[in-house]
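**Q** quick one, structure for this:
(one chain, ligands or ions: 2)
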Amino acid sequence: MEKYLSQLNEAQLAPTIQIDGPMIIIAGAGSGKTRVLTFRIAYLMSKGIDAFNILALTFTNKAAKEMKGRIADIVGSSEAKNLWMGTFHSVFAKILRFEGHHLGYPSNFTIYDTQDSQKLMGSIIKEMGLDKDIYKTKQVYSRISSYKNNLVTVKAYYKNPELMEADAMARRPRMGEIYKEYVDRCFKAGAMDFDDLLLRTNELLTRFPAVLAQYQDRFRYIMVDEYQDTNHSQYLIVRALADRFQNICVVGDDAQSIYAFRGANISNILNFQKDYDGVKMYRLEQNYRSTKCIVGAANSVIEHNQTKLDKVVWTANDEGEKVKVHRALTDGDEGRYVASTIWETKMNEQLNNSDFAVLYRTNAQSRAIEDALRKRDIPYRIYGGLSFYQRKEIKDLTAYLRLVLNPSDEEALKRVINYPARGIGQTTVDRLIVAANTYGKTIFEILQNIDKVDININGGTKNKLKDFVTLIESYQVMNKTANAFDLAEHVTKTSGLIRELNKDATPEGVVKMDNVQELLNGIKDFVEGQIELADAGDSLAEFLEDIALATDLDGDKGDPDHVALMTIHLAKGLEFGHVFIVGMEEDLFPSGMSMNTRSELEEERRLFYVALTRAEKQAYLTYTLSRYRWGKLIDAEPSRFIEEIDEEFVNIVTPLKQQRVNPMLDDSIFGDIEPNRIRFAKPKTAKILRKDSKKKPEKFQISTPKKMKPLADTDNSASSFDTKLKEGNTVNHDRFGRGEVLKLEGTGADAKAEIKFQNGDVKKLLLRFAKLDIL
Ligand code: ATP
Ligand code: MG
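**A** Ligands and ions are numbered 1, 2, ... in the order given. All right, here's what the predicted structure looks like:
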């Protein structure tokens, strides 16, 4: 441990080795807050504190995983395994599995993701005959979400005239009814939405003191990263749990509070000292991440905010290059600049794709960047947006699995009752919903008793419904003995899903099929990693929970060497060598919707601070003169934030305000020539470029994974699997990277390879699913 402690500076060491009592570390970006939390956990364990008694809450599950890995390096993996670490949602979902019965929830409750919640709200709005242009699903969803995050239950809502009036003023007087119906329907479906995971935990800890005492006793040491972005509900949970032992360590940076729009409350960090007795406050001032120029630029920007704590951030790192500002004509031009700069820098400095990130304010901006990267064959990955698990084909398959575990799950049932088509129409489904509401039963219970209920459905359709029930029940029987992978594979083949996907020979259809294969691979990996689970049925429940709670950053797939594309919100806590912040334009960043009040503008500025401080070596800012927005080409103004950077740290190549060039000429003038590359290439660079460009094909070609054989409706196509794979071969796996084949076993459909991957993991993979390239 001593060896590790020597990797901290003095200011970092002090909170790391303070074992007991409440403490807060407030410090600027890149100063080692997350590092301190990580080392502190390892230190506590080295002092004999049981991993079972430590709880660490992070912003993403990926962050928790990385932290755990680091801790395992220090204290050993068998010890680290017992740590409770993860996002608020994933940690409390686990607790609710054990304790939800106190609140009337089954332990196999489903987690509704945003899509499920919004679908349910949409159907409630429709059932109630409300105007969907006034009761817009997304708005209703975020309104209900904010009630829940402020612990306003339905009952509390009706006792709060202010809220009711606000909704009435917004022409939505029936919000309360929607809210009530939504809560009732989720409850009946045995489902919790994301906000419920916090709301119900609060309810549990408040109403059941014995349960609270049990978890207080368990979590004797609590740590929270990114504390500035906790919302009210999360704040209360932490307070309740820490109340007994008061061993709580939170870290954060008020200047990086960027989730107020989603209910995060910056005062949680500002008031921490009032919440506990004898709070020790630590400050870290040295930034280890970025160059002097980047730190200087970020400091000068945040100076413009009035509401902030006084903080010093400095660095002993190199001066580095000034922040580069680039003016583009259009978003296409901006994309080309980004791609060509990445391409050149990568070559000149021998960097990887993963040394680069492109950050934007809104997801819609990614398209132009993607196009340009694709043209240059630069591998990239978009984080956020529609996650893998939210794609239609994936949700269809997981809906079947969800129904197996929890047949009350209304959203899953509605999704697959007629998919693949089995002649059950929407009218029938509507009648089933009405019957379920009338009888106070779930739709599945109505289906199971379809002959006994009074419902206007003809005999032929009734038979189809009965077949559907039989199908699901047969899966339930199988789930008692089979593992999650075998079940999922069986469901894929027998539900008709594969047949449906096979019909679609378009490139999109092929991608969908690949995705389903990928999901099955994921389940396989999961099952293999879960051998310690005694009960086979559990593996399905755990897998479904994992995917429901995967955050936008989790579940890294594909080639790890890619340029990362994401919104700034998602980039919190991360770092990259070179960072492009694109779309630095008024109305876009700062967002046009956030300029009404000073506090909104200050949140946008904090967002810019977060973006800049992700960069280690070089930050680039780009803006365009005109951009397509809402389907129209509009003139754009450079963002005020550019001018706020102290000029000593910024290099504005073209004056911010210059005569506009007709953007329509953009493509016609430049075509495929890259104007920016020419403008920026120094003579030396240009030479290197020419020389190196000969090598381009082999160096920059991305190897596309081999196409997998599509799963057939029945099993035998896979059994004719033919492999040239030999023991000792070096292979590349789509997700795990490079590895060496240690052993081959089994034949045909059961052929497996034991592979040792570069990160040291040894995995046994089923060859018919593993996407392996022999190198
Ligand atoms: P953010 O505010 O962005 O979340 P942070 O305060 O959590 O940043 P870390 O991510 O913990 O900062 O650290 C930033 C970088 O500096 C990391 O790469 C980390 O490994 C490195 N670092 C932190 N402290 C030290 C140190 N004492 N010696 C060397 N490197 C350090
Ligand atoms: Mg951090």
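
**Q** for the residue nearest to Q618 when sequence neighbours are not counted, give me its contacts.
**A** Closest residue to Q618 apart from its sequence neighbours, by Cβ to Cβ, 6 or more residues apart in numbering: H578 at 4.8 Å. Glycine gets a C-beta too; all of them are placed from N, C-alpha and C. Neighbour list for H578: I342, T345, L351, D355, F356, A357, A615, E616, K617, Q618, A619, Y620 [criterion: Cβ atoms under 8 Å, 6 or more residues apart in numbering].

**Q** buried residues, the helix or strand that contains the last one. List them.
**A** Of the helices and strands defined by DSSP states H and E, Y620 is found in strand 615-624. Judged by neighbour count (16 or more other Cβ atoms under 10 Å), strand 615-624 contains these buried residues: A615, E616, K617, Q618, A619, Y620, L621, T622, Y623, T624.

**Q** coming back round to it: what lines up beside the helix or strand containing the residue nearest to Q618 in the sheet?
**A** H578 is part of strand 576-581, with elements assigned from DSSP H and E. Pairing partners of strand 576-581, with direction, according to DSSP bridges: strand 356-360 (parallel), strand 615-624 (parallel).

**Q** what's the mean pLDDT across stretch 577-591?
**A** Throughout stretch 577-591, pLDDT has a mean value of 96.

**Q** quote the end-to-end distance of it.
**A** By Cα to Cα, to the nearest Å, the extent of stretch 577-591 from end to end equals 26 Å.

**Q** stretch 240-258 too?
**A** Its start and end residues considered, stretch 240-258 measures 25 Å (Cα to Cα).

**Q** do stretch 13-29 as well
**A** 18 Å.

**Q** can you pull the buried residues of it?
**A** L13, A14, P15, T16, P22, M23, I24, I25, I26, A27, G28, A29.

**Q** so how far is E600 from N61?
**A** Noted for N61: a distance of 30 Å to E600, by Cβ to Cβ, to the nearest Å.

**Q** in strands only, show me the buried residues of stretch 13-29.
**A** Secondary structure from DSSP state E places M23, I24, I25, I26, A27 of the buried residues of stretch 13-29 in strands.

**Q** for the residue of the stretch 151-300 of the chain found nearest ligand 2, give me its contacts.
**A** The minimum distance from the stretch 151-300 of the chain to ligand 2, using Cβ to the ion, falls at D225 (6.0 Å). Listed by Cβ under 8 Å, 6+ apart, the contact partners of D225 are K33, T34, L37, A56, L57, T58, F59, A63, V251, G252, G573.

**Q** count of neighbours near the last one?
**A** The criterion is other Cβ atoms under 10 Å. On that basis, G573 has 19 neighbouring residues.

**Q** can stretch 41-59 be said to contact ligand 1?
**A** No - using Cβ under 6 Å from any ligand atom, stretch 41-59 stays clear of ligand 1, coming no nearer than 8.7 Å.

**Q** need the contact partners of that stretch.
**A** For stretch 41-59, the external contacting residues (Cβ under 8 Å, 6+ apart) are 1, 4-5, 16-17, 19, 37, 64, 67, 70-71, 74-75, 79-88, 91, 218-226, 229, 234, 238, 241, 572-573.

**Q** phi first, then psi, for the residue sitting furthest away from the middle of the chain.
**A** Distance from the centre of the chain peaks at G459, with 45.7 Å (Cα atoms, centre = their mean). The phi/psi pair for G459 (degrees, to the nearest 10) reads phi -60, psi -40.

**Q** give me the pLDDT value at it.
**A** G459 is assigned 93 on the pLDDT scale.

**Q** just the buried residues of stretch 600-607, please?
**A** For stretch 600-607, a neighbour-count test (16+ other Cβ under 10 Å) marks E600, L601, E602, E603, E604, R605, R606, L607 as buried.

**Q** now those as TSV including secondary structure?
**A** Shown next, in TSV, are these (DSSP: H, G, I helix; E, B strand; the rest coil):
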residue	secondary structure
E600	helix
L601	helix
E602	helix
E603	helix
E604	helix
R605	helix
R606	helix
L607	helix
